[in-house]
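Q: Return atomic coordinates for the entry below.
(2 chains)
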Amino acid sequence: DAGITQSPRHKVTETGTPVTLRCHQTENHRYMYWYRQDPGHGLRLIHYSYGVKDTDKGEVSDGYSVSRSKTEDFLLTLESATSSQTSVYFCACNRGQGNYGYTFGSGTRLTVV
Amino acid sequence: KQEVTQIPAALSVPEGENLVLNCSFTDSAIYNLQWFRQDPGKGLTSLLLIQSSQREQTSGRLNASLDKSSGRSTLYIAASQPGDSATYLCAGLETSGSRLTFGEGTQLTVNP
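A: Residues are numbered from 1 along each chain as shown, chains lettered A, B, ... in the order given. The predicted structure follows:
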């Protein structure tokens, strides 16, 4: 495993407040990803990173921003949380494009009230 | 846009049965395919990765195959056990290498 740690594991926040989720990996993997998982939609890509300070949008990026200042850390920020962002958020990583499998963290359950 | 369908959505079987889970892609241009297992309230655990040059992979009682020409993959579980109860997800990596697209999963229950 890539040793992926997500924090916090659970969070309840109020509408309109900023929230930052953290993903930390210890295997020096180049690529990191943020997904959200919702009933009826499965897992959907929010943003991904292909290196330090190199990021790109996924299919559901509106309302989210990311930053990657170090190889091991990938942060997901909800600038102003909305109830539609209540979800389970998963971080994943892999070594690079090609025949490398993805490794996932344990998830962060976020509730926006 | 790539879409992934997993059939059946839910499956309940008695212990010891052999079973097949199905996954199909609308765009057959898949580079590789990965099967995952997810237990309730947990993250995803990788089961098998079928690399671009491969057509199948085996691990213990699990066998996964990929037919790129049809955009279909199957996961075969032999001699199922109650501990196999979980949701099984397939995910295909696009040829561009930047996007892993998931199915919604098959929820498997193996009854003792």
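Q: where in the chain is pLDDT low?
A: Going with chain A. A:1-2 (pLDDT under 70).
Q: Not quite, go with chain B.
A: Low-confidence segments of chain B, defined by pLDDT under 70, are located at B:97-98.
Q: Strands of the chain, start to end?
A: Since no chain was named, I'll use chain A. All strands of chain A, identified by DSSP state E, fall at A:4-7, A:10-13, A:19-25, A:31-38, A:42-51, A:54-57, A:64-70, A:73-78, A:87-94, A:103-104, A:108-112.
Q: my question was about chain B
A: In chain B, the strands defined using DSSP E lie at B:4-7, B:10-14, B:19-25, B:30-38, B:44-50, B:56-59, B:62-67, B:72-77, B:86-94, B:100-102, B:106-111.
Q: B:Gln81 is nearest to which of the strands of chain A?
A: Of all the strands of chain A, strand A:103-104 sits nearest to B:Gln81, with 23.3 Å by CB to CB. All C-beta spots, glycine's among them, are computed from the backbone N, C-alpha and C.
Q: who touches the closest one?
A: Outside strand A:103-104, the residues that touch it by CB atoms under 8 Å, 6 or more residues apart in numbering or on different chains are A:1-2, A:4, A:29, A:90-94, B:36, B:43-46.
Q: swap in stretch A:57-69?
A: Here stretch A:57-69 makes contact (CB under 8 Å, 6+ apart) with A:32-36, A:44-49, A:51-55, A:74-80, A:82, A:85, B:99.
Q: same deal with stretch A:36-51?
A: Taking CB under 8 Å, 6+ apart as the rule, stretch A:36-51 contacts A:30-35, A:55-61, A:64-66, A:68, A:71, A:74, A:76, A:87-90, A:107, B:4, B:89, B:91, B:98-100, B:102-105.
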